[in-house]
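*Asks:* Give me a 3D structure for the following:
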Amino acid sequence: MLKYRLSLFLFTFLIIQSSAQLRDRISLSGEWQFFKGDTETSSQVEHVTVPHSWNAQDGTTADYYRGKGTYRYNFDLPKNTKKKRVFLRFEAVSQEADVFLNGQYLGNHKGAFNAFCFEITPYLKKKDNELIVKANNILNPDIAPLSGDFTIFGGIYRPVSLLILPQTCITPLDYASSGIYIKQTEIQDHKATIDITTKIDGDISGNKKLRLRTSVFDPTGKLVTTSENEEIRASENTVAIDQRIYLDNPILWNGKAAPNQYRFFCELLQGKKVIDTLSVYTGLRYFKVDPQKGFFLNGKSYQIRGVNRHQDRPGKGWAISEKDHQEDMQLIKEIGANGVRLAHYPHSDYFYSLCDKEGLLVWAEIPFIGNGTESTAFEENLKQQLTELIRQNFNHPSIFCWSLFNELVKGNPEKLVAELNDLAHKEDPTRLTVAAANIEGRPENKITDIMAFNTYPGWYWAEPETMGPSIDWKKDEKRGVCISEYGAGASIKHHQQRMKKAPKCEGDFHPEEWQAIVHEGNYKEIDKRDFVWGSFVWNMFDFASGGRKEGDTYGMNDKGLVTYDRKTPKDAFYFYKANWSEKPVLHITSKRHIERTEPETDIKIYSNCSDITLYVNGMKYAGNSGDHNIFIWKNIRLQPGKNKIRVTGTFNKETITDQCEWILKN
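*Replies:* I've put the predicted structure just below:
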């Protein structure tokens, strides 16, 4: 046993050591030169930090800059590139990029959200390499999206890096993916069948001694199996190698409870010499949607209670940091959500990885929004963006579906949606296709495997409780139903008590209290219907939408449960936290409505505690029963001047307290 453990340790050590020696990634993020337009004048040149967006300051204005921007970066050739190949990889440039190195045109990429990669080996110099990126975020009828209620921030807004790889390597050029695809062909509780495709590029036809070895390590780090091919034979210099492995009693990726992941370590060998290595991680799981009983993960009911997310922030736009992603994840975890719809476009690989690690189920989406054009170029661009999305994110266990469109309202896109659906199934037969609609009866709504609807009762129409009959009407006996968007706008500066009627959604007054009422009424109806396989609050965070003129800040969609700067959760945030989180919640609503004019008020608490007691100016009010963890005391009289409001509750024998102060004006 000791000998086995020592051998396993040495094997693992050699893997780590060889991987570090054979591959390298050098960040090109940092200080670049930038100017707007594509013709330089000395007065225009700025020094900016990439990732960067030129709309970081004007992205919430109706006339935000949608134009051209040019970036320049100079670098010396790294010392470790002898007998190596060098690749240039962009994680995203919005929304179109033309890339040049030392005057050589490398190529063009259309699409604001996915990564792309070029080989630059032949064009490098030892010193002072000049990299030029000509980007633009101009509305282009050939590039999706053509519409959408969010700002299209321009720039190199995700990291840039050099990849230094062996002459023959696992390729980074297959739509900028890892080059390794872990297909979960059949996963059950007691066994798993996994097909691995690894794409190799280099001198393959002239090399007669190439082999591929894949070692699989379980979530505890234990080596569980190894697959090794015989000599690779191919007439081309790019080849896909297929391997099949079987596992008994796999340790499953089980959502938030147990987000276990396996490591697949691929080694490319020339004879006995390892010439390239790469590790990828994935979690093994199986899932389905039952039209009558909802979503199932690993054979057990697992209704998705999630949020939508946009990726922008004030003063940064889309150029956010890993720390920003982590903060978003912490807030999503705090609220207790078990899923996230990453709307309305591909998000950062880093955030998908966070979802993997935290056990959140992910709805991944391409930016086919509102309408398209019937041009071949637009259709091909959508197919390109879908292929990139799938191949770059193939191994993320959190992703359970590929979304093909959002709220199509114009034209006749049925044929295109059918083609996208076929493409998604061809690229990845293991996941579901889905779409989100806001108009019933359109023919494209019948194409995807499962279907979802965006609906806003209590905000754009009807009363909050109308969510119930709206869901019943939308129910599909074969595909179930999901509510992909619902919610209401809210400003933490606007308040009104005892509201019975919605404010004008297009108006300036968006009281925080009404947003909470809408979510209470909507969610109660969702929660009582088992056949609703998922629901996603719109939105987790306020986000930029340059054309909007409403609420307390123009250019903002204020339907977030948290403010744009991520500093202030709104009352509705605590409603969901009280219903979803396993941590103690005790929250007095309308805390920010400090100055009052009405002597009588209702006091509302969100809590998952027991033995809740209210105190107003020291007077005790006994607790009452709460529906969906909402507790209300009616007609509480305030005294002129300061009023101290305090509430206590018990959670796992611990006393929890919340308090605030209101002032009744004379």
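*Asks:* could you show me where the strands are in the stretch 301-450 of the chain, in order?
*Replies:* Counting by DSSP state E, counting those that start in this stretch, the stretch 301-450 of the chain has strands at residues 304-309, 339-342, 361-365, 399-406, 432-437.
*Asks:* What lies in contact with the shortest one?
*Replies:* When you say that, I think you mean strand 339-342. Contact partners of strand 339-342, identified using C-beta atoms under 8 Å, 6 or more residues apart in numbering, comprise 304-309, 332, 351-352, 355, 360-365, 403, 484, 534, 536, 540. Glycine gets a C-beta too; all of them are placed from N, C-alpha and C.
*Asks:* residue contacts, F368?
*Replies:* A144, P145, L382, L404, F405, N406, L408, P413, L420.
*Asks:* Would you map the helices across the protein?
*Replies:* 2-22, 322-335, 349-358, 376-392, 414-427, 467-474, 512-527, 571-580 (DSSP state H).
*Asks:* Dump the strands of the stretch 301-450 of the chain to CSV, plus mean neighbour count and mean pLDDT.
*Replies:* Shown next, in CSV, are the strands of the stretch 301-450 of the chain (neighbours: other C-beta atoms under 10 Å; pLDDT from 0 to 100):
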stretch, mean neighbour count, mean pLDDT
strand 304-309, 24, 99
strand 339-342, 27, 99
strand 361-365, 26, 99
strand 399-406, 25, 99
strand 432-437, 24, 98
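*Asks:* Tell me which of the ones you listed approaches A115 most closely.
*Replies:* Comparison of the strands of the stretch 301-450 of the chain against A115 by C-beta to C-beta identifies strand 361-365 as nearest, at 14.2 Å.
*Asks:* what pairs with that closest one, and is each one parallel or antiparallel?
*Replies:* Partner strands for strand 361-365, per DSSP bridges, with pairing direction: strand 339-342 (parallel), strand 399-406 (parallel).
*Asks:* how about these in a markdown table, adding distance to A115?
*Replies:* Below are the strands paired with strand 361-365 laid out as a markdown table (distance: least, C-beta to C-beta, whole Å):
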| stretch | distance to A115 |
| --- | --- |
| strand 339-342 | 15 |
| strand 399-406 | 16 |
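*Asks:* Identify whichever of the ones you listed lies nearest to E595.
*Replies:* strand 339-342 (36.9 Å).
*Asks:* List every C-alpha atom in the closest one, with coordinates, as PDB.
*Replies:* Written as PDB, here are the backbone C-alpha positions of strand 339-342 (Å, rounded to 0.1, in the frame of the first residue of the first chain):
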ATOM      1  CA  GLY A 339     -29.400  28.500 -10.800                       C
ATOM      2  CA  VAL A 340     -28.500  31.500 -13.000                       C
ATOM      3  CA  ARG A 341     -29.500  32.500 -16.400                       C
ATOM      4  CA  LEU A 342     -26.500  34.300 -18.000                       C
END
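*Asks:* Isn't W533 up against I304?
*Replies:* Yes - between W533 and I304 there is a contact at 6.6 Å, judged by C-beta atoms under 8 Å.
*Asks:* Distance across stretch 488-507, terminal residue to terminal residue?
*Replies:* Taking C-alpha to C-alpha, to the nearest Å, stretch 488-507 runs 13 Å from one end to the other.
*Asks:* And for stretch 113-121?
*Replies:* 25 Å.
*Asks:* Could you give me the buried positions within it?
*Replies:* Within stretch 113-121, the residues that count as buried by 16 or more other C-beta atoms under 10 Å are F113, N114, A115, F116, C117, F118, E119, I120.
*Asks:* cool, and stretch 36-53?
*Replies:* For stretch 36-53, a neighbour-count test (16+ other C-beta under 10 Å) marks V48, V50, P51, H52, S53 as buried.
*Asks:* Is it correct that the fourth one is in contact with F34?
*Replies:* Going back to what we said before, that points to H52. Yes - under the criterion of C-beta under 8 Å, H52 makes contact with F34 at 6.8 Å.
*Asks:* What ranges in the protein fall below the confidence cut-off?
*Replies:* Judged by pLDDT under 70, the chain has its weakly predicted residues at 1-20, 42.
*Asks:* got the domain boundaries for it?
*Replies:* 24-169, 177-282, 295-579, 595-664 (automatic domain parsing).
*Asks:* hmm, back to that, list the residues that contact both of H52 and F34?
*Replies:* By C-beta under 8 Å, 6+ apart, the residues touching both H52 and F34 are Y71.
*Asks:* For P314, which of the strands paired with strand 361-365 is the nearest?
*Replies:* Using C-beta to C-beta as the measure, strand 339-342 is the one of the strands paired with strand 361-365 that comes nearest P314, at 20.0 Å.
*Asks:* correct me, but S348 touches R158?
*Replies:* Yes - with contact defined as C-beta under 8 Å, S348 reaches R158; the gap is 6.2 Å.
*Asks:* Now the common contact residues for the two.
*Replies:* With C-beta under 8 Å, 6+ apart as the test, S348 and R158 both reach E91, A92.
*Asks:* check contacts around I471.
*Replies:* Contact analysis of I471 by C-beta under 8 Å, 6+ apart lists V481, I483, E525, I526, R529, V532.
*Asks:* what does E520 give?
*Replies:* Listed by C-beta under 8 Å, 6+ apart, the contact set of E520 reads P464, F575, H628, I630.
*Asks:* ok, and the most crowded of these?
*Replies:* Counting neighbours by other C-beta atoms under 10 Å, F575 leads the contacts of E520 with 26 neighbours.
*Asks:* Now do the contacts for that one.
*Replies:* By C-beta under 8 Å, 6+ apart, the contact list for F575 reads A516, H519, E520, Y523, Y606, H628, N629, I630.
*Asks:* roughly how far apart are it and E513?
*Replies:* 12 Å (C-beta to C-beta, to the nearest Å).
*Asks:* cool, F405 as well?
*Replies:* For F405, the distance to E513 (C-beta to C-beta) stands at 34 Å.
*Asks:* could the helices of the chain go into JSON lines alongside distance to K549?
*Replies:* Conversion of the helices of the chain to JSON lines gives the following (distance: least, C-beta to C-beta, whole Å):
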{"stretch": "helix 2-22", "distance to K549": "53"}
{"stretch": "helix 322-335", "distance to K549": "27"}
{"stretch": "helix 349-358", "distance to K549": "30"}
{"stretch": "helix 376-392", "distance to K549": "29"}
{"stretch": "helix 414-427", "distance to K549": "32"}
{"stretch": "helix 467-474", "distance to K549": "27"}
{"stretch": "helix 512-527", "distance to K549": "19"}
{"stretch": "helix 571-580", "distance to K549": "23"}
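*Asks:* Any chance of the backbone angles for the residue lying closest to F35 once chain neighbours are set aside?
*Replies:* Nearest residue to F35 in three dimensions, chain neighbours excluded: Q44, at 4.0 Å (C-beta to C-beta, 6 or more residues apart in numbering). With angles defined as degrees, to the nearest 10, Q44 sits at phi -90, psi -20.
*Asks:* In contact with Q44, which residues?
*Replies:* F35, K36, G37.
*Asks:* Let me know the closest of the residues you listed to R213.
*Replies:* The closest of the contacts of Q44 to R213 turns out to be F35 (C-beta to C-beta; 49.2 Å).
*Asks:* Please report the distance of that closest one from G155.
*Replies:* Counting by C-beta to C-beta, the gap from F35 to G155 is 12 Å.
*Asks:* Show me which of these two is the more surrounded one.
*Replies:* More crowded of F35 and G155, by other C-beta under 10 Å: G155, with 28 against 20.
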